[in-house]
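Peer 1: model the structure of this input:
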Amino acid sequence: MRVHLSTQNQQFLQFVQSLTYQESCYGFLHLPSYINRVDTVNSLCTAIYPLELLRNAPFSHEFFKGRSILPYRNDTVTEFNSILIAEMPGQMHLFHSTNSVDLNNETN
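Peer 2: Next up, the predicted model:
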């Protein structure tokens, strides 16, 4: 994980590093006040991808750079993606892919 050198980011890095060895961090965890919190997936989308910037995302290859979300729960990924896609201009295109390999194919 890369962290920009700011006081707040360094505090966050130290907090994350302490999670593995401080027993007081096991179980229910109280987040430090400098960590932003949201109550809904929609408010998370808005906080990370402001609407005015999101509408320009298809025209800028740099938009998503540096805006990745590391801690994410699988049960909210589809909802999060749907909210973002609905706010982006243009027509949605769906591309299908596969995640398998034909081991019997000797030509590849």
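Peer 1: what stretches of the chain score poorly on pLDDT?
Peer 2: The chain contains residues with pLDDT under 70 at 1-4, 66-73, 107-108.
Peer 1: show me it divided up by domain.
Peer 2: With domains defined by automatic domain parsing, the chain comprises 7-32, 38-89.
Peer 1: tell me the most buried of those domains?
Peer 2: Scoring the domains of the chain by mean neighbour count under mean count of other CB atoms under 10 Å gives domain 38-89 as the most buried, with a mean of 12. All C-beta atoms are positioned from the backbone trio N, CA, C, and that covers glycine.
Peer 1: what's the end-to-end length of it?
Peer 2: Chord length of domain 38-89, first to last residue, is 25 Å (CA to CA, to the nearest Å).
Peer 1: mind checking how far stretch 93-108 is from the chain centre?
Peer 2: Here stretch 93-108 is found 27 Å from its chain centre; the criterion is CA atoms, centre = their mean, to the nearest Å.
Peer 1: do a quick rundown of the helices in the protein.
Peer 2: Ranges of helices in the chain, per DSSP state H, are 7-18, 41-48, 51-54, 74-87.
Peer 1: mind putting those helices into JSON lines with distance to residue 93?
Peer 2: Output for the helices of the chain, formatted as JSON lines (distance: least, CB to CB, whole Å):
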{"stretch": "helix 7-18", "distance to residue 93": "36"}
{"stretch": "helix 41-48", "distance to residue 93": "20"}
{"stretch": "helix 51-54", "distance to residue 93": "17"}
{"stretch": "helix 74-87", "distance to residue 93": "10"}
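Peer 1: and residue 26, how close does it get to residue 19?
Peer 2: 9 Å (CB to CB, to the nearest Å).
Peer 1: what does stretch 83-91 rub up against?
Peer 2: Identification of contacts with stretch 83-91 by CB atoms under 8 Å, 6 or more residues apart in numbering yields 41, 42, 45, 49, 51, 54, 55, 57, 58, 92.
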